[in-house]
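quick one, what's the 3D model for this:
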Amino acid sequence: MCMSSSVFSPVTLSNGITLKNRVVKAAMEENMASYQSLPGEALYSLYRYWAHGELGMIITGNVMIDKQAMTGPGGVALEAKTPLAPFTQWAKIIQSNGAKAIMQINHPGRQVLKAMQGKALAPSPIPVNVGKHSKMFATPRQMTCDDIHDVCQRFVTTARRAVEAGFDGVEIHAAHGYLLTQFLSPLTNQRQDEWGGSLENRARLLLNIVSQVKAHCPQDFLLMVKINSADFQRGGFGIDDAITVIRRLESLGVHVVEVSGGSYEAPAMQRRTADDTQLAREAYFLEFARQIASATTIPVMTTGGIKRAEVAQQVVDSGCTLVGMASALAVTPDLVKKWQQYPAYAGVILKCGWRDKALASLAGMAMVRRQLRRLGNDLTTLRTPSPLLSLLLDLHHRKRMTRRYRRELSSE
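Next up, the predicted model:
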């Protein structure tokens, strides 16, 4: 692979934005916010490493549309009255070496930790089932129609504020078991009204949000949607459903769709499924992304364990426009720059092989977040961190962040 590879060639998207190459830093949940759920020095330091890593586009970790509904402690939230200056600074840092800045916006739905004492909403009151670890999650309340309309408006508000802060676009998160995924999946959406039942009804909230964001943001503002290729649970949302929804997104003018998969119950984003589906060892969702790319004119991006330039090229050759990477960039934030200098250089994906899949998933995420915190403190990353120590350190950090979050909520 050489510098003339199409992976490193620029690409212009339908809204007129040109990316300097096709490699994208996909979202990771950092849990590194400053006080009041705002981006601060730790996140600024972390994103500087990625900004100077020769990426074409950088997508932030979860930015929540409701401060009372967070995916985890130390998360970032952007609401109607949130101070905008920290977000403006964040966007400028991301853009400082030519990368485009995309804010991922999200609502966790039922995937809220009980210790957070926030709002756990869901299309249907079905709790998260991760076996003996299920008690970690709050019991969700079924959303009323007013709740649904409020969530829709919050997505629009956060997107409009991202425009004001100077971001180049937003990515609406409809994957990984969060709220919009919960509406899409028949396993978690058992409503009998206009928001449940048929796929058309289950997709209604996502499509309404996309339509309204398009209507309230400038034409050149990049609109992405992250969607599951499948739930990877028996009887759940599948590839045919994904293609149907993506064709509707195409008609609404979405500029890029990111293909991923799974949820907390079936963490396919960590190559673990609950329905015996076998995923590729690298570029986990490539076969699904290939099917989707052949069925839509929307440029497709896929993620999932990519760590080698050779595999990135395979993604582009398969018909995908963009190559998303996350975990490998937690260990080697300048991996793309290294590829350009040393094409055979292989990144590192941190994994935990414990038998307890749910606990192994938590440890795997803890190992990644440990590296992010190290970068935020301007420390070198670890290529072989201990899963146990990483988990313990992460639990300590999250407890501290949870206490701070609860104090902030109670003071409002």
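
okay, CA-based contacts and neighbour counts for the rest of this
OK.

so how far is Gln104 from the most centrally placed residue in the chain?
What sits nearest the mean C-alpha location of the chain, by Cα atoms, centre = their mean, is Ala27, with 4.3 Å. Counting by Cα to Cα, to the nearest Å, the gap between Ala27 and Gln104 amounts to 7 Å.

quick one, what contacts the residue nearest to the centre of the chain?
Neighbour list for Ala27: 59-62, 104, 326 [criterion: Cα atoms under 8 Å, 6 or more residues apart in numbering].

and the closest residue to it other than its chain neighbours, how close does it get to Gln340?
Excluding its sequence neighbours, the residue lying closest to Ala27 (Cα to Cα, 6 or more residues apart in numbering) is Gly61, at 4.5 Å. From Gly61 across to Gln340, the span is 25 Å (Cα to Cα).

which one of these two is surrounded by more residues?
Taking other Cα atoms under 10 Å, Gly61 and Gln340 do not tie; Gly61 has more neighbours (21 against 18).

for that one, what are phi and psi?
Gly61 adopts backbone torsions of phi -70, psi 170, taken as degrees, to the nearest 10.

pLDDT at it, what is it?
On pLDDT, Gly61 comes in at 96.

what about this protein, any weak spots by pLDDT?
Within the chain, the segments meeting pLDDT under 70 span 1-4, 262-283.

confirm that Thr71 sits in a helix.
No - using DSSP: H, G, I helix; E, B strand; the rest coil, the secondary structure at Thr71 is coil, not a helix.

I'd like to know how far it sits from Tyr405.
Thr71 sits 12 Å away from Tyr405, going by Cα to Cα.

repeat that for Ala309.
Distance from Ala309 to Tyr405, by Cα to Cα: 40 Å.

same check, this time on Cys320
If you go by Cα to Cα, the gap between Cys320 and Tyr405 works out to 39 Å.

and Met32, by the same measure?
For Met32, the distance to Tyr405 - Cα to Cα - is 12 Å.

what is in contact with these two at once?
Applying Cα under 8 Å, 6+ apart, one finds that Met32 and Tyr405 are jointly contacted by Gly74.

His255 contacts Phe221, doesn't it?
No - using Cα atoms under 8 Å, His255 is not in contact with Phe221; the gap is 9.3 Å.

mind listing the shared neighbours of the two?
Residues touching both His255 and Phe221 (Cα under 8 Å, 6+ apart): Asn15.

about what we covered before: any common contacting residues for Ala27 and Gln104?
Common contacts of Ala27 and Gln104 (Cα under 8 Å, 6+ apart): 59-62.

filter these down to the ones in strands?
Of the shared contacts of Ala27 and Gln104, the ones assigned to strands by DSSP state E are Ile59.

what strand or helix carries the residue nearest to the centre of the chain?
For Ala27, there is no host helix or strand (DSSP states H and E).

any idea how far it is from Leu205?
Distance, Ala27 to Leu205, by Cα to Cα: 22 Å.

in this structure, mark out all the helices, start to finish.
Assigned by DSSP state H, the chain shows helices spanning 41-51, 85-94, 145-165, 179-184, 199-202, 204-216, 239-251, 286-293, 309-317, 327-331, 335-341, 357-376, 387-411.

which one of those lies nearest to Asn15?
helix 204-216 (11.6 Å; Cα to Cα).

and that closest one, which residues are buried?
Neighbour counts over helix 204-216 (16 or more other Cα atoms under 10 Å) mark 204-207, 209-214 as buried.

and Pro333, what does it touch?
By Cα under 8 Å, 6+ apart, the contact set of Pro333 is 49-50, 53.

ranking the residues you listed by neighbours, who comes first?
Most neighbours among the contacts of Pro333, by other Cα under 10 Å: Trp50, with 24 neighbours.

excluding sequence neighbours, find me the nearest residue to it.
Of all residues beyond its chain neighbours, the one nearest Trp50 is Pro333 (5.4 Å), with distances taken as Cα to Cα, 6+ apart.

angles on the backbone of that neighbour, please.
phi -60, psi -20.

now do Ala26
The phi and psi values for Ala26, taken as degrees, to the nearest 10, are phi -80, psi 170.

which residues are in contact with it?
By Cα under 8 Å, 6+ apart, Ala26 lies in contact with 58-60, 303, 324-326.

if we can go back for a sec, and the shared contacts of Ala27 and Gln104, which two are furthest apart?
It's Ile59 and Asn62 that sit farthest apart of the shared contacts of Ala27 and Gln104, by Cα to Cα, at 9.1 Å.

where do the contact lists of those two overlap?
Common contacts of Ile59 and Asn62 (Cα under 8 Å, 6+ apart): 27, 103-104.

tell me, how many neighbours does Glu412 end up with?
A total of 5 residues lie near Glu412 under the criterion other Cα under 10 Å.
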